[in-house]
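Student: Pasting a predicted model and its sequence here:
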Amino acid sequence: MMTDRKWPQSEEKKRYLYVTEQKKWRICVYIRLSKEDTREISRQEKNELQIKSESIKNQKSILTTWIGEYFKAGTYDILDFFEDDGMTGTDDEREGFRRMLKALEKGEGNCVVVKNLSRAFRNYADQGYYLEEYFPSRNIRFISTMDSFIDTYKDKEAVYNLDIPMYGVLNDRFAASTSRAVRRTFDDKRAKGKFIGAFPPWGFLKDPADKNHLILDPDTAPVKVQMKDWLLYEGISLNGVARRLNAMGIPNPAEYKRRKGWKYANPHVQDNNGLWSGKSVKEVMLNLMNAGHMVQGKQRVVSYKIHDKISVPKEEWYIVENTHEPTFSQEEFQALCILLKRNTRMTNSSARVHKFAGLIRCGCCKKAMHRSHGKGRVYFKCRTNSMGAENACRVKSIRQDRLERAVLAAIQAQIWLTDFPSAAEVLKKPEAKQRLLEWKKLLACKERERKKIQNISDSLYGSWKTGKLSWEEYRRMKARYEKEAEQAEEALEKIKEEINCLDETGEEKNALLEEFLKNRNITVLTRAVLLAFVDVIYVYENNEIDIHFKIQDELSGNGELRSGDAPN
């Protein structure tokens, strides 16, 4: 224990106390609880967060007692306790440590006290720099209470003793050895498909029975399913999906983690008040874990000393298939990947992607054709041709109405000419009742949230009357919760609208499926039909089109259908 440290000889102690009486010490107490400490503690106790907190409390108590015994009363003040909970000591990029340095540089503190050298440094180079350069150049007194005792005010040469750099080397090597062991353990778990992240991806939770296994989050997984339907079957754009989610009051993944009370911090995530963007929608939907496969090891730190993260090539990722329940079917996930990697910009403010978006290309240059209007008609044009280059494509344009008739006829012909047993499965959607049930669960969750906000708002008046809140605090909090209640009410209305819309679209899609099963035919060309059947459409000169169908194994030939001129 720190209190068992042997004091200097009595005469030396008296001389030291006499010297320290002449100066007022403003002490910065630095405390660090390492990751290794927390792992060891968590093996012993169930409540890890509480134990980590208690360990910090114990260090505070012991160091406070030690300082009270070591310093003469009236010669010191404890400026503050600077803490890093669960942080490595192999670099100095620690929040508590950096805050302490700022206090020292401002002249607020002139003494640093640590439990031992390893609490402050597990990096030999850092230890040498701070003990031999940084602290002396600023006249900062440094005290390490255990192991090789140091007090640079009492003995300025103590930091040059042979045992001090030896402790630094040992601490450094210990950190390196521990880092290698931890990496091996983590890599072994990754290879077995065990989840080792601190936070599960949005839409999943850690299984209470096995923290290395993921289960679907009942609050967010249904939302993700609805996002998939908007994109795949309704032709809504990424930004359109983001706007719908924001209107419904559904927080983005970062804000959701914070609301759950998780200690989540990501410096690369912008503080946008929990709002979704097209980019965040795309990142969520393209996560391979939605298909039930574990994906880890996308990034790694440079070394045990340099904690900057670098991207890892995809071929080095740890991907283990079928480790947890998927959010989407494999076919739906593949369709999403193809769709979201296409160029599907919106042509108006409706937030709805055009049915041919990302599907139609020039047969000559193979580039996407753009949609334009002229003389009351809609056309798809080749940009290369319109630029008038010397070697421009010979494909000029094709009318949208003619293209639609040609593609619909080709799909109808392909269905009749080939055995296509999986076409119905491609078009099938989850049962409407199940999807309605999931959204009604979300509605109930939002209603509970609104009720909770209302109860808090109603209780504020009583808190003001009893003196628990000042008038200003009451007014400020009342306004805040009234605004939150209003937002919750708006979100509820949006969710109710979606439920009503889900009823209607579910009936439409069932009618489409019933028509196909009954007549083996499709009579309406929608984006859902195009995405289910068509991979890409090439347009050549003279309005000749070449359709590449998706499921080639189910089609005769190689999955392509070459038609003549598009019908007039």
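Tutor: Received it, and whenever you're ready, just let me know what you need. It should be emphasised that the depicted structure is a prediction, and the values quoted were computed from it without experimental measurement.
Student: pLDDT below threshold where in the stretch 1-150 of the chain?
Tutor: Flagging of the stretch 1-150 of the chain using pLDDT under 70 yields the residue ranges 1-22, 35-54, 87-92, 122, 124, 147.
Student: Mind doing that once more with 50?
Tutor: 1-21, 38-54 (pLDDT under 50).
Student: those strands in it, which residues are they?
Tutor: 25-33, 76-85, 111-114, 141-144, 150-151 (DSSP state E, counting those that start in this stretch).
Student: quick one: strands adjacent to the last one?
Tutor: Okay, so that is strand 150-151. Paired strands of strand 150-151, with direction, are strand 141-144 (antiparallel) (DSSP bridges).
Student: List of residues touching the strand it pairs with?
Tutor: By CB atoms under 8 Å, 6 or more residues apart in numbering, the surrounding residues in contact with strand 141-144 are 25, 70, 110-117, 120, 130-131, 135, 150-153, 159. For the C-beta atoms, the positions are set from N, CA and C on the backbone; glycine is no exception.
Student: Could you do stretch 195-209 as well?
Tutor: Taking CB under 8 Å, 6+ apart as the criterion, the residues outside stretch 195-209 that touch it are 186, 189-190, 211-217, 220-221, 223-224, 253, 256-257, 262, 264, 284, 287, 289-290, 294, 296, 323-324, 327.
Student: Alpha carbons of it, as CSV, please.
Tutor: This file holds the C-alpha atoms of stretch 195-209, laid out as CSV (Å, rounded to 0.1, in the frame of the first residue of the first chain):
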residue,chain,number,x,y,z
PHE,A,195,-18.7,-9.7,-31.7
ILE,A,196,-16.1,-7.8,-29.7
GLY,A,197,-17.1,-4.2,-30.3
ALA,A,198,-18.1,-1.8,-27.5
PHE,A,199,-21.3,-0.9,-29.3
PRO,A,200,-23.4,-3.0,-31.6
PRO,A,201,-24.4,-1.6,-35.1
TRP,A,202,-27.7,0.3,-35.3
GLY,A,203,-30.5,-2.3,-35.5
PHE,A,204,-28.8,-4.8,-33.2
LEU,A,205,-28.2,-5.4,-29.5
LYS,A,206,-25.8,-7.6,-27.6
ASP,A,207,-27.4,-10.8,-26.5
PRO,A,208,-27.9,-10.6,-22.7
ALA,A,209,-27.0,-14.3,-22.5
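Student: Let me know the average pLDDT across it.
Tutor: Averaging pLDDT along stretch 195-209 yields 91.
Student: do stretch 297-304 as well
Tutor: The average of the pLDDT scores along stretch 297-304 is 70.
Student: what residues are up against Ser329?
Tutor: Ala291.
Student: Please read off the pLDDT at it from the model.
Tutor: Predicted confidence (pLDDT) for Ser329: 86.
Student: likewise Phe549?
Tutor: Checking the pLDDT column for Phe549, the value is 79.
Student: what are the bridge partners for it, then?
Tutor: Note on Phe549: beta-bridge partners Val534, judged by DSSP bridges.
Student: what's around it, how many residues?
Tutor: Residue neighbour count, defined by other CB atoms under 10 Å, stands at 22 for Phe549.
Student: And Gly96, by the same measure?
Tutor: By the measure other CB under 10 Å, the count of residues near Gly96 is 17.
Student: can you redo the strands of the stretch 1-150 of the chain as CSV with distance to Gly363 and mean neighbour count?
Tutor: Converted to CSV, those look like this (distance: least, CB to CB, whole Å; neighbours: other CB atoms under 10 Å):
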stretch, distance to Gly363, mean neighbour count
strand 25-33, 65, 22
strand 76-85, 62, 18
strand 111-114, 72, 24
strand 141-144, 75, 22
strand 150-151, 78, 20
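Student: Tell me which of those lies nearest to Phe333.
Tutor: The closest approach between Phe333 and any of the strands of the stretch 1-150 of the chain, judged by CB to CB, belongs to strand 76-85 at 38.7 Å.
Student: For the closest one, enumerate the helices and strands it packs against.
Tutor: Counting contacts by 3 or more CB pairs under 8 Å, 6 or more residues apart in numbering; DSSP states H and E, strand 76-85 packs against strand 25-33, helix 48-70, helix 95-105.
Student: deepest of these, which one?
Tutor: Among the helices and strands packed on strand 76-85, the stretch with the highest mean neighbour count (mean count of other CB atoms under 10 Å) is strand 25-33, at a mean of 22.
Student: Please name every helix or strand in contact with that strand.
Tutor: Contact here means 3+ CB pairs under 8 Å, 6+ apart; on that basis strand 25-33 packs against helix 48-70, strand 76-85, helix 95-105, strand 111-114, helix 117-120.
Student: how about those in a markdown table, adding distance to Phe549?
Tutor: Compiled in a markdown table, these are given as follows (distance: least, CB to CB, whole Å):
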| stretch | distance to Phe549 |
| --- | --- |
| helix 48-70 | 54 |
| strand 76-85 | 57 |
| helix 95-105 | 56 |
| strand 111-114 | 69 |
| helix 117-120 | 65 |
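Student: which one of those lies closest to Tyr379?
Tutor: helix 95-105 (58.6 Å).
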